[in-house]
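**Q** okay, sequence plus prediction incoming.
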Amino acid sequence: MKLDRLIGILTVLLQNDKSTAPELAKRFNVSRRTILRDIDTLCLAGIPIVTLRGGDGGISIMEGYKINKNVLTAEELQTLVIGLKSVDSISKQSNFENLMTKLAPSDAMISLTESIVIDLSSHYKDSLSEKIVLFKKAIAEHKTVKFDYYYAKGEMPREIEPYFVEFRWNAWYIFGWCRLREDFRRFKLNRLWNYEITEDDFTPRSVPPEKANAEDAFPELYHVKILFDRSVRFRLIETYGMNRYEETDNGLLLSLDFTNKDFIYGWILGFGDKAKVIEPEEARSEFALLAENILNLYK
């Protein structure tokens, strides 16, 4: 939407001393001509944008300017506040106060006591912030990153060409080209350590949409049916909602498709004796053996 893009351009110009039309066009995935029309629109709205030609030129906003209250509605700014604070929750730089000082006029356009609070941090807030800053730098400079990655089969050194950091499935990931696997991969930030930016430059590759789309990258391949005791109904509702399970005489029957069998086994174990695998038969046998092995630990 044009309004979203205008707000984005305005935010970029307020955060940086200056930018250029080609940089903005690449950032917002539009043509240079579209950016120039957007700049004209912002000028007509009364925002003092300065454009300078030459090698040291660019597009900037007059120093000390604050947005007129008619440019953004209170609801739009409230949304911006929520977004900025959520990003600040995993950042050491506290961009929220700096940016809102520029965005909000002296007569308090909106209340900064919002009704929605999003905290994207984790128990590893310090290292998480450090990793995000490192990957942002590597992405901007087109440098590869080396790190040790920990997963179910052990530890593996990796080197990737980073493309973007994303938050999904309640965790932070880095998406990039893995030089070991020679394919695009996602790596959970909390599982990678001993990380460093190398001096090795890379040329950005074209990312196939099916690789960038996380849902396509992790197809649901493993179907299971699980019978739960009614006492854990709240946990099923919390995770999957009200309409995903079936009421039966014996309890709550949940049918789901999963990508990772080890993950679903671990999840079921978390319910103790309140969950029973119904099908497939292979899963019943494997889970029974797993439960027996756990019992042997306490003998």
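**A** Good, I have the coordinates. Residues are numbered from 1 along each chain as shown.
**Q** can you give me the strands for the stretch 1-150 of the chain?
**A** 49-52, 58-61, 143-151 (DSSP state E, counting those that start in this stretch).
**Q** need the ones you listed in JSON lines (columns: distance to residue 273).
**A** Yep, even glycine has a C-beta here, placed from its N, CA and C like the rest. What follows is the strands of the stretch 1-150 of the chain, written out as JSON lines (distance: least, C-beta to C-beta, whole Å):
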{"stretch": "strand 49-52", "distance to residue 273": "66"}
{"stretch": "strand 58-61", "distance to residue 273": "63"}
{"stretch": "strand 143-151", "distance to residue 273": "29"}
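**Q** please identify the most buried of those strands.
**A** strand 58-61 (a mean of 20; mean count of other C-beta atoms under 10 Å).
**Q** show me the shaky parts of this structure.
**A** Within the chain, the stretches with pLDDT under 70 are 1-4, 64-126, 214-220.
**Q** by how many degrees do the longest strand seen in it and strand 143-151 diverge?
**A** Criterion DSSP state E: the longest strand present in the chain is strand 154-168. Angle of strand 154-168 versus strand 143-151, following axes from the mean of the first three to the mean of the last three C-alpha atoms, to 10 degrees, is 110 degrees.
**Q** buried residues in strand 154-168?
**A** Residues of strand 154-168 classed as buried by neighbour count (16 or more other C-beta atoms under 10 Å): 158, 160, 161, 162, 163, 165.
**Q** got the domain boundaries for the chain?
**A** Using automatic domain parsing, the domain parsing of the chain gives 2-103, 125-213, 222-297.
**Q** could you measure from the spatially most central residue of the chain over to residue 152?
**A** Nearest to the mean C-alpha position of the chain, by C-alpha atoms, centre = their mean, lies residue 167 at 1.9 Å. Distance, residue 167 to residue 152, by C-beta to C-beta, to the nearest Å: 22 Å.
**Q** please apply the same query to residue 186.
**A** Residue 186 is 15 Å from residue 152, by C-beta to C-beta.
**Q** neighbour count: those two, which is higher?
**A** Counted by other C-beta atoms under 10 Å, residue 186 and residue 152 do not tie: residue 186 has more neighbours, with 18 against 8.
**Q** and that one, how close does it get to residue 42?
**A** On the measure of C-beta to C-beta, residue 186 and residue 42 end up 36 Å apart.
**Q** and residue 57, by the same measure?
**A** If you go by C-beta to C-beta, the gap between residue 57 and residue 42 works out to 18 Å.
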